[in-house]
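1. Give me coordinates for this.
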Amino acid sequence: MEKIYTIPVNEAFDACAEDNAKGCPFCEMYRALQEKELEIILGASMMEPDIRIKTNEMGFCDKHYFMMLKRKNRLSLALMLESHLAEVKKEADGIGAVKKIGKINDSCYVCSRINSNFDKMFETAAWLYDADRAFKEKIEKQSYFCMPHYHKFLTVCKNALNKRKYADFENLVKNINMNYLESLQEDVSWFCKKFDYRYKEEPWGNAKDAPERAIKFLTGLDEEEK
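-> I've put the predicted structure just below:
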């Protein structure tokens, strides 16, 4: 059942099943897509005229500006900034500047590329659940789905599966997330209790990083991705 477009989905589910610390498999897919797009845009693609036109028009979000700034190829970034700033100046000084500035501020070339491919990965995951019994077993091995991706996975599968299959699917992923949420709540509560002098000498258990894990579960973001 393996096809080219199913490979990144299967790889992410396999990786997160083997190492539960990775967390949500869709977060794993997103990180892989993001890494690929940043490598491409800071490479030779940066000089391709059609891509340069789009980056001049769209620019990048704050997150991706700073991610690019931390990388080695600062010249590529500076060249894109040079032509993007010229575009910003033209739009900011023209008719309808308020609307045009708002459009620039709300757009990001990297995000648009990631989101287009990321949506297809959810559709592929829904198709795999429907068509490949082995994929259901991969889902069963996941530690959790972060809340944003949990909602999207449910939404996509509700539109892709018949009522019976969707009910089975919803029950499966809900049980996974509820089990994780219960243990996460316990860890966060224990983290809080550890600041009470009565529990000072008690072992931390799994609670030391509970706030970080809770935020990752709720948002899908690691601390370094803020």
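
2. State the mean pLDDT of the helix or strand encompassing A12.
-> Here A12 sits within helix 7-18, counting by DSSP states H and E. Mean pLDDT, computed over helix 7-18, is 96.

3. ok, and for the longest helix that the chain contains, which residues are buried?
-> Counting residues, the longest helix found in the chain (DSSP state H) is helix 163-193. Neighbour-count burial for helix 163-193, with 16 or more other C-beta atoms under 10 Å as criterion, is recorded at 166, 169, 173, 176-177, 180, 184, 187, 190-191. Glycine gets a C-beta too; all of them are placed from N, C-alpha and C.

4. residue furthest from the geometric center of this protein?
-> In the chain, R198 marks the outermost C-alpha relative to the chain mean, sitting 39.8 Å out by C-alpha atoms, centre = their mean.

5. Report the distance from the helix holding A12 to the chain centre.
-> Computed by C-alpha atoms, centre = their mean, to the nearest Å, the chain-centroid distance of helix 7-18 equals 14 Å.

6. after that helix, next one along is what?
-> helix 25-41.

7. name the helices or strands packed onto that next one?
-> Packing contacts for helix 25-41, counted by 3 or more C-beta pairs under 8 Å, 6 or more residues apart in numbering; DSSP states H and E, involve helix 7-18, helix 62-69, helix 109-131, helix 147-160.

8. Report the next helix or strand after that helix in sequence order.
-> Where DSSP H and E defines the elements, the next helix or strand beyond helix 25-41 is helix 49-58.

9. average pLDDT for that next one?
-> Averaging pLDDT along helix 49-58 yields 93.

10. Specify the angle between the helix or strand bottoming out on mean pLDDT in the chain and helix 49-58 in degrees.
-> Of all helical and strand segments in the chain, the minimum by mean pLDDT, DSSP states H and E falls on helix 97-105, at a mean of 87. Using axes from the mean of the first three to the mean of the last three C-alpha atoms, to 10 degrees, the inter-axis angle of helix 97-105 relative to helix 49-58 is 120 degrees.

11. Report all helices and strands that helix 97-105 contacts.
-> helix 74-92.

12. How far away from the center of its chain is the helix it packs on?
-> Averaging C-alpha positions (C-alpha atoms, centre = their mean) puts helix 74-92 27 Å from its chain's average.

13. what's in contact with it?
-> 41-43, 46-47, 52, 55-57, 59, 68-69, 71, 97, 100-101, 104 (C-beta atoms under 8 Å, 6 or more residues apart in numbering).

14. Then stretch 62-69?
-> For stretch 62-69, the external contacting residues (C-beta under 8 Å, 6+ apart) are 34, 38, 41-42, 60, 77, 108, 110-111, 225.

15. Centre of the chain to that stretch, how far?
-> Distance, centroid of stretch 62-69 to centroid of chain: 15 Å (C-alpha atoms, centre = their mean).

16. List the buried residues of it.
-> Neighbour-count burial for stretch 62-69, with 16+ other C-beta under 10 Å as criterion, is recorded at 64, 67-68.

17. Now do that stretch, average pLDDT.
-> 95.

18. repeat for stretch 115-130
-> Per-residue scores along stretch 115-130 average to 96.
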